[in-house]
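Undergrad: Provide a 3D model corresponding to the input given below.
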Amino acid sequence: MVRSSERVGKTKEPVKEQVGSLESDVSSSESELEGLPDAEDDRSHKVKKLSKKPTQKKQKNSSSDDYSGILFVSRLPHGFQEKELSKYFSQFGDLKDARLARNKKTGNTRHYGFIEFVNKDDAKIAQETMNNYLLMGHLIQVRLLPKDSKIEKLYKYRHRSFQLTPVKKSTEELKERARKKHGERVDKLKKAGINFKW
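TA: Alright, predicted model coming up:
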């Protein structure tokens, strides 16, 4: 039978050899870390975080010259006119103009329009907030137009009113016209030999 002291004695020698080889590995890694400023004696070091490079999105946001203050709004619901459009988007900032495209013959909206903001940053915020917004059962699409864009296309029929105006004649004019027509009919009947009295 082998005593426990013999086992302990046998196992200590290889462990010392392993520890010696580990110490040589540690000393070589210490020599590598000597030139680094954060290396310390207790072998704990901190890794400096690198500053993040600005992404493309941040660069686009920082330069306000890349876009204009005009929004293109499409997929508008039925009954959403200029007045409602300007009221709704005025919560984001001051508006210069709000215009809807209309059918030239009927005057009905074509369900898209343009909104011009005084401040370009307000337009950017409105575009980010309102794009794909559900309004009266329609997903509104909002795009920010590029720099130097205008809404000249809609100036031609800006203030047209498309209501049918009824004919307004006074009752005296209508009675006079009826008497004149009645006189013409009576004259035709007299020429035909019919004596008509009314």
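Undergrad: from here on, just use CA atoms for contacts and neighbour counts.
TA: Noted.
Undergrad: got any ranges where this structure has weak pLDDT?
TA: Applying pLDDT under 70 to the chain flags residues 1-43, 53-65, 152-167, 198.
Undergrad: how about 80 then?
TA: For the chain, the stretches with pLDDT under 80 are 1-45, 47-65, 105, 107, 148-169, 197-198.
Undergrad: so where do the strands sit in it?
TA: 67-74, 95-102, 109-117, 133-135, 138-146 (DSSP state E).
Undergrad: any chance of those strands in TSV, with mean neighbour count too?
TA: Shown next, in TSV, are these (neighbours: other C-alpha atoms under 10 Å):
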stretch	mean neighbour count
strand 67-74	23
strand 95-102	19
strand 109-117	21
strand 133-135	13
strand 138-146	18
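Undergrad: reformat the ones you listed as TSV; add distance to Ser44.
TA: Output for the strands of the chain, formatted as TSV (distance: least, C-alpha to C-alpha, whole Å):
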stretch	distance to Ser44
strand 67-74	50
strand 95-102	59
strand 109-117	56
strand 133-135	52
strand 138-146	52
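Undergrad: now the helices for this structure?
TA: 4-33, 56-62, 82-89, 120-130, 171-191 (DSSP state H).
Undergrad: so what touches the fourth one?
TA: Contact partners of helix 120-130, identified using C-alpha atoms under 8 Å, 6 or more residues apart in numbering, comprise 64, 67-71, 89, 92-93, 116-117, 140-144.
Undergrad: quick revisit: out of the strands of the chain, which comes closest to Glu82?
TA: Between Glu82 and these, the shortest gap by C-alpha to C-alpha is with strand 95-102, which sits at 6.0 Å.
Undergrad: name the helices or strands packed onto that closest one?
TA: helix 82-89, strand 109-117 (3 or more C-alpha pairs under 8 Å, 6 or more residues apart in numbering; DSSP states H and E).
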